[in-house]
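Visitor: Okay, sequence plus prediction incoming.
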There are 2 protein chains.
Amino acid sequence: MSTFKRIVLASRPQGQVAPDNFRLEEVPVPSLKDGELLVRNHYLSLDPYMRMRMEDVKSYAAPQAIGDTMVGGTVGEVVDSKNPKFAVGDKVQGMLGWAEMGVSDGALLRKLDTTHIPLSAYLGAVGMPGMTAWYGLTQIMQPKEGETIVVSAASGAVGSAVGQLAKQRGCRAVGIAGGKEKCDYVVNELGFDACIDYKAGNLAADLAQATPNGIDAVFENVGGEGFDACLARMNPFGRIALCGLIAGYDGQPMPLNNVRYLLTMRLTLRGFIVSEHMDLWPQGLKELGGLVATGKLKYRETVAGGLAAAPEAFMGMLKGRNFGKQIVKLI
Amino acid sequence: MSTFKRIVLASRPQGQVAPDNFRLEEVPVPSLKDGELLVRNHYLSLDPYMRMRMEDVKSYAAPQAIGDTMVGGTVGEVVDSKNPKFAVGDKVQGMLGWAEMGVSDGALLRKLDTTHIPLSAYLGAVGMPGMTAWYGLTQIMQPKEGETIVVSAASGAVGSAVGQLAKQRGCRAVGIAGGKEKCDYVVNELGFDACIDYKAGNLAADLAQATPNGIDAVFENVGGEGFDACLARMNPFGRIALCGLIAGYDGQPMPLNNVRYLLTMRLTLRGFIVSEHMDLWPQGLKELGGLVATGKLKYRETVAGGLAAAPEAFMGMLKGRNFGKQIVKLI
C-alpha cells in the first residue's frame, strides 16, 4: 500500500451533523523517521465526545481543526517500525483518528494482549468507555451495597459497563434506553434489575416504579427529560456523575428543569473526562480486563464496514441508532 | 402579659405567596412545666428557605403544617425559667418561630454574649446566614488566593458574608445584586471588587468584564439567568456551592440552560443545608464572631416593625425588596 484513506473535518456543523461536514481523502503513506512506527488500524471507535470537538466552542479540548483528520481512538497492528520498543505484528491501541493507517512515535500507544480479550474490546469495555464507566461509578457515584443507581444510554458502551459494575457491587441497577429491544437486552443479557424505555412515553412513571426506594446515584450520559426525571427521584445526598449530554449535542442544548432537587436533596454533581485521570487507568483496566476475559462483563458492538461508512455510523450514533459500542471495521 | 401574638400558616401558596397564606392569632401564654423556660423574642429572622417549607413538596425538611406557627429563627430574652441552665435575663437564640414568645426545654437554645455583638447579628452574620456563607465558601468553593469567586444576592445576609470572607482569603470577589444602590453598597461598603446589577440588562457582558480570568467558584443563591451567566464563565474544575434558587421559589421554577458547562468544564456542584453540618458551627462562628466584633465583617439589616409586619416583609424579601438581612423587631 502506498496510499491510505482518511476522513477530515470539512466544515463545522450548523445544527445537526451532516455528511458534508466530512471529506474522505486518499493520502500517501509517509516514510518513517527514526523512532517512528506505522500502524494499520483494524478498528476505529466512534464516540459522542467527537461531536463537541467538531464545534468551535469553549470546551475541555481544543476544537478539531478544519482539514485535520477527525480525532478518534483506534486499535491495530504495527506494520513497519523504526522504534525499538515496537515490532511488526504488535497489536496496539492509540488515537490515530479516522484513518486506515497512522504514524506514531509510540509515546501514546499501548501494546495489547489479545490472548483472552478481542482486539475491538480495547475500544470498548477494556478501553476508554469501560474506564469512563469505572471512574464515574467508583470515584463519583461511590454506591454502597443495596443502593439504587440509574444510568442513561444503558445499552451503550459506557452505560452497559456502569450497570454491570454496579450489580457486582450489590446495587440495584436501573437503565434508561431507547426501545424495547435495547431494554430487553439490558435486563436479560446484562442483568440490570430494570430498564426504562424512554420512547414509550411514560418515563417519569416508569422510573418511579423501577426505583421504589428512590435513586442514590446517577450516571448521566444523555441529559434532557431523562435527567430531569432522575433528579425528581433522588434521595438525600445522592451523587451524579455527569459524563455526557448527548441529547443536546446535535442541535439545541437541552435545558434542565428540576434544578431545585440539586439543592433540596443536597446532591453532589461532578462533570468529568476520564482522560484526565490516567493515574487510575491501571487499576480500572485490571478490573475491566479480568471481567471481560472471564465473561463477567458483557458488551455488544455495532460494526460499520469500511472507513467510508464512518460518517453515517457517527450520525446514527448521535440519534441512538447503534446498539452497544459503535465501531468501524477498517480491514 | 397573659397572651402573645403568633402567625400561623393559614394555607399553602398557589404561585406567589399572598397575605391570606398567613393568619395572626393571639394565644394564651402557657404555664411552664419543670425544665421549661419562656422566651420573649426580640427579633425574628426572615429567610428564603421558609418559602419552600410552605409548600407540600419533597424537600429537605417536612413541610410546615397548616395551622402551625410559621417556622423561623429568633433571638430574645428569658423571662421565666423552670430550667436550671437558664436564668431570667439570659439572651438566647433559637427557632421559636413567627411569635412574640416561645416555650422551650432549652435543648436547641444557644446562650448569647452581646458584649461586643448586637443581639440581632446572631440572626445574620454570626448566625445561620453567616454560617451558610462560611460553610459554602470553606467546604465547597475552597477558593485559593488569587482565584475569582462570584456570589449572587451579594448584598443579602449570606452573600455579603461570602464575598467578605473570600476577600479575606485573597480572592477576587464579584457580586450580583439588583439595582445600583445595592451594587454600590457591595463594592464601596463591603469591599467586593465588582458587583453586577442584574436589572441593568447586560448581565452576561457585565459579568464577563468583571471576571477577566473567568470564574473559579460560585456561591449560588438565586438561580435562573444569573446562574446561567456564571456557568458560561467557569474555569475548568470550578466549584459551585448551591445554597438557594430564590428566583424559582415563588411561582415557576427556573430552568437551567447552560448545563453543558458542568460537563465541559468538569465542574463540581453541591447543594447543601448548613443545619446538617452542626459539627462545623463552633469553628465557623468563632471566625464570624471575631470579625463582626472587630468591625471586619460588615452587614446591613432591613428591620420590619412588629410581628404583624412579617408577612409583608417576607413577600418583599422574595422579590428582593430588602437590603441586607431581613429581620422583624418584635419588642
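Guide: Sure thing, it's come through.
Visitor: Could you count how many residues lie near the closest residue to A:Met95 other than its chain neighbours?
Guide: Leaving aside its sequence neighbours, A:Met95 sits nearest to A:Gly73 (Cβ to Cβ, 6 or more residues apart in numbering or on different chains; 5.6 Å). All C-beta spots, glycine's among them, are computed from the backbone N, C-alpha and C. A:Gly73 has 23 neighbouring residues, counting by other Cβ atoms under 10 Å in any protein chain shown.
Visitor: Buried residues of stretch A:188-195, list them for me.
Guide: When burial is assessed from 16 or more other Cβ atoms under 10 Å in any protein chain shown, stretch A:188-195 yields the following buried residues: A:190, A:192-195.
Visitor: so the residue nearest to A:Met95 sits right up against A:Ser45, yeah?
Guide: Yes. With contact defined as Cβ atoms under 8 Å, A:Gly73 and A:Ser45 form a contacting pair (4.0 Å).
Visitor: which residues do the two both contact?
Guide: A:123, A:127-128 (Cβ atoms under 8 Å, 6 or more residues apart in numbering or on different chains).
Visitor: name the element A:Ile176 belongs to?
Guide: Assigned by DSSP states H and E, A:Ile176 belongs to strand A:172-177.
Visitor: which strands and helices sit next to that strand?
Guide: If contacts are counted by 3 or more Cβ pairs under 8 Å, 6 or more residues apart in numbering or on different chains; DSSP states H and E, strand A:172-177 sits against strand A:148-152, helix A:157-168, strand A:194-197, helix A:203-210.
Visitor: out of those, which comes closest to chain B?
Guide: Across the helices and strands packed on strand A:172-177, chain B has its closest neighbour in helix A:203-210 (11.9 Å, Cβ to the nearest Cβ).
Visitor: Compute the inter-axis angle for the closest one and strand A:148-152.
Guide: Going by axes from the mean of the first three to the mean of the last three Cα atoms, to 10 degrees, helix A:203-210 is angled at 150 degrees with respect to strand A:148-152.
Visitor: what's in contact with helix A:203-210?
Guide: With Cβ under 8 Å, 6+ apart as the criterion, helix A:203-210 contacts A:150, A:174, A:176, A:193-197, A:200, A:225-226, A:229-230, A:232-233.
Visitor: Tell me which other helices or strands the next helix or strand after that helix touches.
Guide: Going down the chain from helix A:203-210, the next helix or strand is strand A:215-220, by DSSP H and E. In terms of contacts (3+ Cβ pairs under 8 Å, 6+ apart), strand A:215-220 is packed against strand A:148-152, helix A:157-168, helix A:225-231, strand A:234-242.
Visitor: hmm, back to that, any quick PyMOL command for the buried ones out of the contacts of helix A:203-210?
Guide: Command for PyMOL that selects the buried part of the contacts of helix A:203-210, burial taken from 16+ other Cβ under 10 Å:
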select buried, chain A and resi 150+174+176+193+194+195+196+197+226+229+230+232+233
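Visitor: sorry, back to before: can you list which of the shared contacts of A:Gly73 and A:Ser45 are found in helices?
Guide: Residues from the shared contacts of A:Gly73 and A:Ser45 lying in helices, with DSSP state H as the criterion: A:Met128.
Visitor: For the shared contacts of A:Gly73 and A:Ser45, which single residue is the most surrounded?
Guide: A:Leu123 (29 neighbours).
Visitor: right, and that one touches A:His42 too?
Guide: No. Assessed by Cβ under 8 Å, A:Leu123 is found out of contact with A:His42, at 9.7 Å.
Visitor: Which parts of the stretch 1-150 of chain A are strands?
Guide: A:3-9, A:22-28, A:37-45, A:74-81, A:91-94, A:101-104, A:110-111, A:148-152 (DSSP state E, counting those that start in this stretch).
Visitor: Of those strands, which stretch is the most buried?
Guide: Highest mean neighbour count among these (mean count of other Cβ atoms under 10 Å in any protein chain shown): strand A:148-152, with a mean of 30.
Visitor: neighbouring strands for that strand, and are they parallel or not?
Guide: Using DSSP bridges, the strands paired with strand A:148-152 are strand A:172-177 (parallel), strand A:215-220 (parallel).
Visitor: following the first one, which helix or strand comes up?
Guide: Going back to what we said before, that points to strand A:172-177. Using DSSP H and E, the first helix or strand after strand A:172-177 is helix A:180-184.
Visitor: Quick one: name the residues of the stretch 151-300 of chain A near chain B.
Guide: Taking Cβ under 8 Å from any Cβ of the partner chain as the measure of proximity, the stretch 151-300 of chain A contacts chain B at A:223, A:232, A:236, A:242-245, A:248, A:253-273, A:276.
Visitor: Which ones among these map onto helices?
Guide: Per DSSP H, the subset of those in helices is A:260-264.
Visitor: can you redo those as TSV with neighbour count and pLDDT?
Guide: Formatted as TSV, those follow (neighbours: other Cβ atoms under 10 Å in any protein chain shown; pLDDT from 0 to 100):
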residue	neighbour count	pLDDT
A:Arg260	23	92
A:Tyr261	20	95
A:Leu262	25	96
A:Leu263	24	94
A:Thr264	21	92
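Visitor: Would you mind giving the shared contacts of A:Gly73 and A:Ser45 as TSV with pLDDT added?
Guide: Output for the shared contacts of A:Gly73 and A:Ser45, formatted as TSV (pLDDT from 0 to 100):
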residue	pLDDT
A:Leu123	97
A:Gly127	95
A:Met128	94
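Visitor: I'd like the shared contacts of A:Gly73 and A:Ser45 as CSV, with distance to chain B appended.
Guide: CSV is the format used below for the shared contacts of A:Gly73 and A:Ser45 (distance: Cβ to the nearest Cβ, whole Å):
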residue, distance to chain B
A:Leu123, 22
A:Gly127, 20
A:Met128, 16
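Visitor: need the helices and strands packed on strand A:215-220 in a markdown table with mean pLDDT and distance to A:Leu288, can you?
Guide: As requested, the helices and strands packed on strand A:215-220 are exported to a markdown table (pLDDT from 0 to 100; distance: least, Cβ to Cβ, whole Å):
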| stretch | mean pLDDT | distance to A:Leu288 |
| --- | --- | --- |
| strand A:148-152 | 98 | 16 |
| helix A:157-168 | 97 | 7 |
| helix A:225-231 | 97 | 25 |
| strand A:234-242 | 98 | 17 |
